[in-house]
Structure formats: C-alpha cells, structure tokens
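Chemist: structure for this input, please:
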Amino acid sequence: MTVGPEDQWRIDNARHVRVWRLQFQRYTRWSESWDHDHCAACWATFAELDEPDVQHAGYATREDYPKGARYDWVCVKCFNDLREEMGWKAVIPPPAIEFAVSAKSPSDVDRLRAALAQLTADSLFPAELDRESERTIVRGMQEADLDVIADRLKHKQDIGIDADVTVPRVLYYETITHSAEADYAHKKVFASGSGEFARVKIRFEPLPRGFGFEFESGIPVGSVPEACIPGVKKGLVDALKVGAFSGHPVIDLKATLVDAAYHDSDSSPRAFEMAARGAAEEGIRKGGPVLLEPVITVTVVVSLHDDLGAVLDDLAKRGAKITERSAHRGADVIKAKVALASMLGYSRSLISLSEGRAACDVEFSHYAPAILPGNDPRFRPAMGMHP
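Modeler: This is a model prediction of the structure:
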C-alpha cells in the first residue's frame, strides 16, 4: 500500500500498540459498559460507522495475548487498509453453530442460494453449498446470528422464500494438549512393478485458541524435491478435517516437517500427501487429544427481583458459571460462562420463565475442553461422534 498524508495519521494512531495477532469480535449497541467504542486508528466511533452488527476487529499486545488483559479495536476499513503496513494478522475462531437451508420449491433453489450468498456476504463465514445433500450450510458464532438470517430470509420483502431450515447444530472441534512426533512411511507396490514411497517425520505442537493451523518445513532445501512439500501440507490439511480422536475437525496446532525421505522413481507429491495423512493420525493420537466445545458469555437482566431465584436455578441446571452479579437501574444483572450447547433456545425459554420480565444478551467467548459426564442426556451422546 502506498501511504499518503491522509493515511499517515491513522498509522501513527495505530502504532502505539505492538500488534501480535488480530481477533474478530462483534460490536453491539446494546452494551452500555462497552469499553472499546472507537477505532484505535481513525478514532471514529463504531456507532458513527452505522454498521453496529458487522464484525469489527480487535488486536492484543504480545505480552497479554491470549489472556485478553488488554485489547484495542480497529474498524474493518482501517484493518483492510493498514494491515500490510502494520503487519496485522487475522486470527478468526472457527464457527460455533450452523444450520442447513433448502428451498421447498425446486423453482426457488437458485434464488435461495443467491439470497443466502447476499445475506452472508459480510459475514466471517459465507454460506456454503453441501454437494452431498444439496443443502446450503449457514454458520455463525452464536444462535442469534442464524436467527437473524433465517428471519430475513423469510420476511424480507425482496426475498420472501419459503425454505426448510434445520434445527441449529453446535460445532465441536479437536485439538492436542502437548507436543508429539510421528514418523510415517507410505509404501505401495502396484501389479505393474512400479510403486509409491514417501516417508515423513512431523512434529505437532498445540497453539493458543484461535490460531488455526500452521505448517512449516524445517528440512534443508534439496532434501526432497521441492514439488513434494506442498503434498505434505495438503495431506495434513485433509487429515485435520476429520480428527482421529472423535471425527471432528482438528484446530489450533502447528505441524513442522523435521525429516523426510524419498525414492527417485516412486516418490511424488501424492505419495507425500498420503504419508502426511498417516503421520497426522498418529501424531494427534500421541498429542493428548481433547474435544473442544464453544463457550458463550450470557448477560441476563432481570427487572423483577422475585424472578432472580428462578433464573439463577435455571442457569445452574444448564451448567453456567456465574462470573459477575450487579444491579443496574433497579434491575439485577447476571453474567455467566456456559457451554453453547446447553443454551440453545435460551432467550425464548427465559421469556417464558420470567413472563417477559427478563432479557438476555449472548456473545461467543472461547473454545474450551468439553466436560463429558456420562449421565447428561441433553446433548452429550452426540459430542464424541461426527455427524
């Protein structure tokens, strides 16, 4: 990017924080206690940008990440304009929830897909077509994200498509808890006498939440043909789509190729791809795999004190951990952390429980190792199985 006078002042404003990684969060008008209401680069308040429901970007200092002790925020425009100059890197957590949508009428199929592409164009997770089921998959970070899209799809005047929408499904992931190495050789001999051969030794290391997957080749240049290295990465990426522990995608780990061997005639990118897949399965099993589930922060405002006990009891039954209790303008305010899976449909349940005298705000918090008691019938049986 060529920096002109109109951009230099924004860069100077943003330079006071040493950026390490960048994390996307959602800005909402609802919270009166929001501490980061303006862009650290251009100083425009997010409300002035007239886009309070789109994703904005926050970045943390190296010393504080991933504890989140200090965050500053930049708007999407400044992030896109300045990330090359400032060296910002995006860290986007994987989606936490999804539903599938299909048109009831064959004549609406193309119009439905176009509408969903439009509705999710500014989302972190654009709608995707599932070729196997021919349904469109819509993903988000919280149930409200999907509710908004479903409502607009049904009621917006210029769309108004009659569609089947599945029940939202919480997404689970795997990760590893400690470093591990895997040494795997792929050997195959065909009837013609030719064969396939590749051997890889890969070190797997856990990364902080939200860092996704990183690959690095640590072998000297020329140890194996350069064309084979992309085959290693492709094999790893494909293997991590279905984890060896529970069948869920594997996230937040780094894979380093530390050694490799090849055959002059039998080695190829495909052979190294197959070797990398075998190494990934072995490495994940050795790395202490755990199942991760999405955790949300829920803020409940109870206007009538007599309803407080029932609300607290209901949160306790859902496994919520209360993090803060306060009073605001005569109402009781409760903040809690809880697994997303136990809170599906909570806003409607809360209205029924309090007869409309309580309201809640929910936002994604983080992914955490799932607790797997054998006596919880609500959703645990599906946690260890890939649907």
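Chemist: residues touching the residue nearest the centre of the chain, list them.
Modeler: The centroid of the chain falls nearest to P94 when counting by C-alpha atoms, centre = their mean (1.4 Å). By C-beta atoms under 8 Å, 6 or more residues apart in numbering, the contact set of P94 is L171, Y173, G212, P249, I251, Y367. For every residue, glycine as well, the C-beta is placed using N, CA and C.
Chemist: mind doing that once more with 10 Å?
Modeler: Counting by C-beta atoms under 10 Å, 6 or more residues apart in numbering, P94 makes contact with 124-125, 139, 141, 171, 173, 209-210, 212, 249, 251-252, 292, 294, 367.
Chemist: pretty sure it is in a strand, no?
Modeler: No. Applying DSSP: H, G, I helix; E, B strand; the rest coil, one finds P94 to be coil, outside a strand.
Chemist: in strands, which of the contacts of P94 appear?
Modeler: R139, Y173, L292, P294, Y367 (DSSP state E).
Chemist: okay, now the unreliable bits of the stretch 151-300 of the chain?
Modeler: Across the stretch 151-300 of the chain, residues meeting the criterion (pLDDT under 70) sit at 155-159.
Chemist: go through the contacts of P94 and say which is closest to M343.
Modeler: Among those, P294 lies closest to M343 (C-beta to C-beta), at 10.0 Å.
Chemist: only alpha carbons, please: show the longest helix along the chain as PDB.
Modeler: For the chain, the longest helix by residue count, based on DSSP state H, is helix 269-286. What follows is helix 269-286, C-alpha atoms only, in PDB (Å, rounded to 0.1, in the frame of the first residue of the first chain):
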ATOM      1  CA  PRO A 269       3.500 -35.200  -4.300                       C
ATOM      2  CA  ARG A 270       0.600 -37.700  -3.900                       C
ATOM      3  CA  ALA A 271       2.900 -40.200  -2.100                       C
ATOM      4  CA  PHE A 272       4.000 -37.400   0.400                       C
ATOM      5  CA  GLU A 273       0.300 -36.400   0.800                       C
ATOM      6  CA  MET A 274      -0.600 -40.000   1.900                       C
ATOM      7  CA  ALA A 275       2.400 -40.100   4.200                       C
ATOM      8  CA  ALA A 276       1.400 -36.800   5.800                       C
ATOM      9  CA  ARG A 277      -2.100 -38.200   6.400                       C
ATOM     10  CA  GLY A 278      -0.800 -41.200   8.200                       C
ATOM     11  CA  ALA A 279       1.600 -39.000  10.300                       C
ATOM     12  CA  ALA A 280      -1.300 -36.700  11.300                       C
ATOM     13  CA  GLU A 281      -3.400 -39.500  12.600                       C
ATOM     14  CA  GLU A 282      -0.500 -40.900  14.600                       C
ATOM     15  CA  GLY A 283       0.600 -37.500  15.900                       C
ATOM     16  CA  ILE A 284      -2.800 -36.500  17.000                       C
ATOM     17  CA  ARG A 285      -3.300 -39.700  19.000                       C
ATOM     18  CA  LYS A 286       0.100 -39.200  20.700                       C
END
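Chemist: now stretch 306-316, how far from the chain's geometric center?
Modeler: Distance, stretch centre to chain centre, for stretch 306-316: 31 Å (C-alpha atoms, centre = their mean, to the nearest Å).
Chemist: can you give me the domain assignment for this structure?
Modeler: With domains defined by automatic domain parsing, the chain comprises 5-91, 97-171, 175-288, 291-382.
Chemist: winner for burial among these?
Modeler: Of all the domains of the chain, domain 175-288 has the most neighbours on average by mean count of other C-beta atoms under 10 Å, namely a mean of 18.
Chemist: does the closest residue to K187 other than its chain neighbours count as helix, strand or coil?
Modeler: Excluding its sequence neighbours, the residue lying closest to K187 (C-beta to C-beta, 6 or more residues apart in numbering) is F197, at 5.5 Å. Counting by three-state DSSP, the backbone at F197 sits in strand.
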